[in-house]
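> make a model of this:
(chains A, B and C)
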Amino acid sequence: MRVHVETLEIRTNGKGTYEITDQVDAVVVKSGVKTGTTTVFIQHTSASLVIFENADHSARVDLEKYFERLVPENNDHFTHTSEGPDDSTSHIRTVLTRSSEVIPIADGRLELGTWQGIFLFEHRRSPHLRRVIVNVLGK
Amino acid sequence: MRVHVETLEIRTNGKGTYEITDQVDAVVVKSGVKTGTTTVFIQHTSASLVIFENADHSARVDLEKYFERLVPENNDHFTHTSEGPDDSTSHIRTVLTRSSEVIPIADGRLELGTWQGIFLFEHRRSPHLRRVIVNVLGK
Amino acid sequence: MRVHVETLEIRTNGKGTYEITDQVDAVVVKSGVKTGTTTVFIQHTSASLVIFENADHSARVDLEKYFERLVPENNDHFTHTSEGPDDSTSHIRTVLTRSSEVIPIADGRLELGTWQGIFLFEHRRSPHLRRVIVNVLGK
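Next up is the predicted model:
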């Protein structure tokens, strides 16, 4: 069995989705693992991961705007706002999406469907450097 | 270590939840893995996976109706509607649930709780053939 | 390859988040696995798991109150209420969060970010004893 681990550093420039499929796939190829699983894990509580359609950009716009309505910043209910109006909203949006995604590997590549991409979902307004661990396990 | 992989093809007939627990468990049994993990992964962005109570059907009805209200089709905000009013809604409902579920294996079987079942959650109105990868890893 | 499995029993005392990071990390240390993945799996459909910020308690209060508004109990739409007004809500809140979390292991410890903790999210009003499986896989 092999375990191959790399940490990606992803620069974000405000709220939105950032595709990282190619970076994750490159780690899988480098690992030499032919069959197994890849765990992608984000080490933050104000940015998250989603697997989402990567063909038509309008789908991503709808997703991002939907989350602005689902967990709105202008919300009298929140008390955890010491870092700004995007403080509690970013934690809650993380909970409603994912901290990790697990993707099978076949023939040494990510076994994604035709329209699936892996995205980092940034919930903070200001630029950040995000750490994403790619853990490849298999043989 | 063993890695055993099979792809299930699940026919759906419109929006709703479809239980696939037995098919997933059958793959685990066939794999011969006694202890490890099973990754269930759906290769689509308009259908997803959930682990949900499988005893009382009324719980599933409430879940399905809740998602119609949470991400409603009659929504002027969406622009990604080239494939119909269930286009963006199906992607967003997928993001709010799961693309993968990881379940431990003990004594060669899925270690689910008494009331837990694995369901494919179809978000499209029209019939689809869905591909679900079952990846069993362990010894 | 090693697979090490333990079941945690977590006592809950009504709705809310209960941190279990230390218990999960203790299982990882005990397993002797240095690099690999930990799958944390909850065997219930009315309590779930989240990875959430564990520094400032006000963030957890905001999260818990947000879920009361997102999936409210006083809701004429629900029919699955045989076990009380927290019946369907608890299943739906579970679907909107996670049944499992997968966390990489490095140097024999959970590779969590600085502010990340693992929490059991109890959605039932009455006290429960919850079973959480910790499955450590690696070498």
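> ok, A:Tyr18 touching A:His123?
No - here A:Tyr18 does not reach A:His123: they are 11.8 Å apart, not a contact under CB atoms under 8 Å. C-beta: built from backbone N, CA, C; applies to glycine.
> neighbour count winner among those two?
Taking other CB atoms under 10 Å in any protein chain shown, A:Tyr18 and A:His123 do not tie; A:His123 has more neighbours (25 against 16).
> A:Glu19 versus the more buried one, what's the distance?
To A:Glu19, A:His123 is 16 Å away according to CB to CB, to the nearest Å.
> counting neighbours, what do you get for the residue in chain A positioned nearest to chain B?
Nearest residue of chain A to chain B: A:Gly113, at 3.1 Å (CB to the nearest CB). Per other CB under 10 Å, the neighbour tally for A:Gly113 reads 17.
> surely it is in contact with B:Arg130?
No - taking contacts as CB under 8 Å, A:Gly113 lies outside contact range of B:Arg130: 9.6 Å.
> overlap in contacts, these two.
The contact sets of A:Gly113 and B:Arg130 overlap at B:Ile42, B:Gln43, B:His44 (CB atoms under 8 Å, 6 or more residues apart in numbering or on different chains).
> strands - which of those land there?
Residues of these located in strands (DSSP state E): B:Ile42.
> near chain C too, which of the shared contacts of A:Gly113 and B:Arg130?
Checked against chain C using CB under 8 Å from any CB of the partner chain, these yield no neighbours at all.
> got JSON lines for the shared contacts of A:Gly113 and B:Arg130, with neighbour count too?
What follows is those, written out as JSON lines (neighbours: other CB atoms under 10 Å in any protein chain shown):
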{"residue": "B:Ile42", "neighbour count": "27"}
{"residue": "B:Gln43", "neighbour count": "20"}
{"residue": "B:His44", "neighbour count": "24"}
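> quick one, what contacts A:Gln116?
A:Ile51, A:Phe52, A:Glu53, A:Asn54, B:Gln43, B:His44, B:Thr45, B:Ser99.
> try it again at 7 Å.
The contact partners of A:Gln116, taken as CB atoms under 7 Å, 6 or more residues apart in numbering or on different chains, are A:Ile51, A:Asn54, B:Gln43, B:Thr45.
> do A:Leu110 as well
Contact analysis of A:Leu110 by CB under 7 Å, 6+ apart lists A:Val24, A:Asp25, A:Val28, A:Thr38, A:Ile103.
> can you give me the helices for chain A?
Secondary structure of chain A (DSSP state H): helices located at A:21-31, A:57-70, A:87-96.
> within range of chain B, give me the residues from chain A.
Residues of chain A lying near chain B by CB under 7 Å from any CB of the partner chain: A:1, A:35-37, A:50-53, A:56, A:58-59, A:61-63, A:65-66, A:96-97, A:101-104, A:106, A:111-113, A:115-116, A:138-139.
> can we see that at 6 Å?
A:1, A:35-37, A:50-51, A:53, A:58-59, A:62-63, A:66, A:102, A:104, A:111, A:113, A:115-116, A:138 (CB under 6 Å from any CB of the partner chain).
> these in strands, which ones?
Under the assignment DSSP E, the residues of chain A next to chain B contribute A:Gly36, A:Thr37, A:Val50, A:Ile51, A:Glu53, A:Val102, A:Pro104, A:Gln116, A:Gly138 to strands.
> show me the beta-bridge partners of the fourth one.
This points to A:Ile51. A:Ile118 (DSSP bridges).
> quick one: which of the ones in strands among the residues of chain A next to chain B is most hemmed in?
Neighbour counts for these peak at A:Ile51, which has 29 neighbours (criterion: other CB under 10 Å).
> tell me who's in contact with the residue nearest in space to the middle of chain A.
Residue closest to the mean C-alpha point of chain A, counted by CA atoms, centre = their mean, is A:Leu49 at 2.2 Å. Going by CB atoms under 6 Å, 6 or more residues apart in numbering or on different chains, A:Leu49 touches A:Ile42, A:Arg98, A:Glu101.
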